[in-house]
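> give me coordinates for this.
(2 chains)
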Number of protein chains: 2
Amino acid sequence: MNVGILTIGNELISGRTQDTNASLIARTLQVQGWPVVVILSVGDDEAAIRAALGLILAQADAAIVTGGLGPTADDITTAAIARIFALPLATDEAVLAYIKSIFEKYRLNWTDNNAKQAVFPAGAEVIPNPAGTAAGFALRKGNQVVSVIPGVPREVARMLPEGVVPLLRRAFPEAAACVATRTVKSFGLGEAEVDRALADADWTGMGVEIGFYPHFPENHIVLTARAESDAEAERRLRAAEAAVTGRLGRHVFSRNGDALEVVVGRLLSERGLTLAVAESCTGGLITDRLTDVPGSSAYLERGLVTYSNAAKVALLGLPEAVLAAHGAVSEETARRMAVGVRRQAGTDLGLAVTGIAGPEGGTTAKPVGTVYIALADADETVCRQFAFRWDRRRIKMIAAQSALMMVKRYLAGEVQQA
Amino acid sequence: MNVGILTIGNELISGRTQDTNASLIARTLQVQGWPVVVILSVGDDEAAIRAALGLILAQADAAIVTGGLGPTADDITTAAIARIFALPLATDEAVLAYIKSIFEKYRLNWTDNNAKQAVFPAGAEVIPNPAGTAAGFALRKGNQVVSVIPGVPREVARMLPEGVVPLLRRAFPEAAACVATRTVKSFGLGEAEVDRALADADWTGMGVEIGFYPHFPENHIVLTARAESDAEAERRLRAAEAAVTGRLGRHVFSRNGDALEVVVGRLLSERGLTLAVAESCTGGLITDRLTDVPGSSAYLERGLVTYSNAAKVALLGLPEAVLAAHGAVSEETARRMAVGVRRQAGTDLGLAVTGIAGPEGGTTAKPVGTVYIALADADETVCRQFAFRWDRRRIKMIAAQSALMMVKRYLAGEVQQA
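A predicted model of the protein is given here:
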């Protein structure tokens, strides 16, 4: 069962809005095992919609259309599609009552153009919108199905899995498999290295599809299993996940799509440990990530962005002689920052980062990208030196990631060095 | 002069990669005044490429094609387009010598499949690639032009303005205007409010196009002027910019596309002032943004993420009695945090944020989204209370933006409240 995607809106073809719907739809269909053969974007223009739908229906079993279902005059999708399929328009009274109830609930002023959102081509199946007022609809034409939903990404994210996919599974039962999918996240290997590490496994033989998605500085591996039963799909997925994690080993930090700061936060909570952070070159990015997790105040005691040497001395008790002898970017300084922030905060762990994010400040001995990361507990302090390339922002990102990864490995009882 | 865009690659139609090229190309063409009539994405498949190009050339004067120009077997774009236009393939010796020189320069191992990147349809005009090895090419068919460039976004970003746009300006001289463009950034008005504030001006009469681009929590206004001469385009742009900034007033923080942290950093540098920051709910995001700017160590002395009350007491000298009487999220606490961090750091300015990012921790009196931001100098401390809605991450983002905006207004001598 092949699908074509059509996204409609003047804002898309003018480049004003980046179309994220097409990519989301394509990924969702890929999970179901339904290949996408073409993606089109056109403006709010009937002739363009007609030509685009013609191209899709010449080669695909189903079309998924987004955009142009709103109440304003430039939202012409419903009327255009009705004319293209030579169908009259009719108001769906149940949908109209629902839209009016939404307006009453939120005390919005009713204007008659909103009734437009309850008008559909005659014979269409309504696709409810749990996240907004504009419902979608689906039309059958012979063995082909055209599904039309609004273009608001938040609404697409709900209506696609809840409305369109079930509808297509009913319309094409022979193409409806039981599907299970999972995202494994890794850090520390390049995309090519991940590719190579996973190349020798027979994923097709295991009944799974595998995809690689670089998300700097991480690499995500998405596994999809399709089978006759949910249990079998889940069994295949577990076997494939074990094969991935076995091959990528200590580079895997999440087997269920969780962000690294979520993983670190959960490990800290489970072990009842607290953390304090002293950042120099990462500038607060580590605590920004940690505090994105609800409830992080339970384990994150404080963060110090000791950007000046004076702050390092005053807040971390770092002897000026150490800074003079070793420099602010040195293993000695990183170790003393970690020990200092832990002692001052009275936490179980102290994490510290110091480095040169550039573009200025590098030397031959310590070029831009030189970063030291140290982690202290009551007994010992470990420190690692890194040599990152990249620009200033990405050095900050990869240094923050490396620091969180060091905490994760400590908490999980893994070795720090390979 | 109308254009159609075709992006080619299996990674696009599987949803593995978000296509950012089409949007970049559309924006670039929009600036030139060339409407995009359709955008298509297809896989590395000759029949699909043929159908897509057919659709474009049925309605547009020019096609811009990206992707599938690499050295591997699945890169079929050049051969497919040669067959579609019934042209033989020929090696361009100059391009071949250039590619070989790149390999020698970077000491890469030469394999013969790389020679594929020097093969073009006979009669094609080569479009040089200053950012990679795969050159592009352009073909004329009657009055129509098909330009083909690689799909690597970094290469598109160079080849489009340096190769494709000049080529199309030469091919369609009647559509080649002098163009000037500028981005004005605003914060504090919703998209609809920006729209309303700018609705009464006659932009067309001023000879400019105006576009609104929401970038949470900012709104960007892009002005484009096209004229017979660069001087006239620039004159129109300046007049339109004055009209925008006059209407949006104190909500404008950048007239040249600079980020807010860049504007704040420049104002601090110009005035020779230093800053220290105490963050609670923003968790380090303010200093993360400030330290994205090269050279920020000249004015940012330190940042403190005082997530616990103990940290607020120990690092900011906040009396426990104040925390007990007013609570950690209160005007009194915010003011004392700003005064405290300024005094401890010995800086000219102290900035402080305390609030409830949620999803837990809200009360009836202080619901989630309650945020206090204070700014202290030697003479006085100003404090503002905010009631944000949104989720945890966006409350952090809008609070950090509001705090930086407060510093910007202080430095620019503007009033804080409207």
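> pretty sure A:A298 contacts A:S269?
Yes: contact criterion C-beta atoms under 8 Å: A:A298 and A:S269 qualify, at 6.5 Å. Just so you know, the C-beta spots here come from the backbone N, C-alpha and C atoms, and that holds for glycine as well.
> look up the residues forming beta bridges with the spatially closest residue to A:N256 that is not a sequence neighbour.
Spatial nearest neighbour of A:N256, chain neighbours left out: A:R182 (6.6 Å); criterion: C-beta to C-beta, 6 or more residues apart in numbering or on different chains. The partner list for A:R182 in beta bridges (DSSP bridges) reads A:L223.
> cool, A:A90 as well?
Beta-bridge pairing for A:A90 (DSSP bridges): A:F120.
> mind checking the SS state of A:E209?
Using DSSP: H, G, I helix; E, B strand; the rest coil, the structure places A:E209 in strand.
> list the residues that contact the nearest residue in space to it that is not next to it in sequence.
Nearest residue to A:E209, sequence neighbours excluded (C-beta to C-beta, 6+ apart): A:T224, at 4.5 Å. By C-beta atoms under 8 Å, 6 or more residues apart in numbering or on different chains, the contact set of A:T224 is A:30-31, A:179-181, A:208-211.
> A:R107: which of those is nearest?
Among the contacts of A:T224, A:V31 lies closest to A:R107 (C-beta to C-beta), at 39.6 Å.
> now A:D44: how far from B:T364?
45 Å (C-beta to C-beta, to the nearest Å).
> who's more crowded, the two?
Taking neighbours as other C-beta atoms under 10 Å in any protein chain shown, A:D44 and B:T364 compare with A:D44 leading, 21 against 5.
> surely the more buried one and A:A79 touch.
No: at 10.8 Å, A:D44 does not count as touching A:A79 under the criterion of C-beta under 8 Å.
> what does the stretch 251-400 of chain A put close to chain B?
Residues of the stretch 251-400 of chain A found near chain B (C-beta under 8 Å from any C-beta of the partner chain) are A:277, A:279, A:281-288, A:290-292, A:294-297, A:300-308, A:310-311, A:314-315, A:344-346, A:357-360, A:392-393, A:396.
> for my notes, confirm A:T364 occurs in a strand.
No: with three-state DSSP as the criterion, A:T364 is assigned coil and is not in a strand.
> got phi/psi on it?
phi -60, psi -40 (degrees, to the nearest 10).
> same question for A:S402.
Residue torsions, per degrees, to the nearest 10, at A:S402 are phi -60, psi -40.
> try the one 5 residues further on
A:V407 has phi and psi values of phi -70, psi -40 when expressed as degrees, to the nearest 10.
> quick one: it and A:L275 touch, right?
Yes: if you go by C-beta under 8 Å, A:V407 and A:L275 touch, sitting 7.0 Å apart.
> joint contacts of the two?
Taking C-beta under 8 Å, 6+ apart as the criterion, A:V407 and A:L275 both touch A:268, A:349, A:351.
> for beta bridges, what are the partners of A:V382?
Taking DSSP bridges as the rule, A:V382 bridges to A:L375.
> just give the number of residues close to it.
For A:V382, the tally of surrounding residues (other C-beta under 10 Å) stands at 16.
> touching, it and A:Q416? I think so.
Yes: checked against C-beta under 8 Å, the pair A:V382 and A:Q416 is within contact range at 5.4 Å.
> now do the shared contacts for the two.
Applying C-beta under 8 Å, 6+ apart, one finds that A:V382 and A:Q416 are jointly contacted by A:406, A:410.
> from A:A387, how far off is the closest residue to A:A197 other than its chain neighbours?
By the measure of C-beta to C-beta, 6+ apart, the closest residue to A:A197 outside its immediate chain neighbours is A:R247, 4.7 Å from it. Applying C-beta to C-beta, the value for A:R247 to A:A387 is 26 Å.
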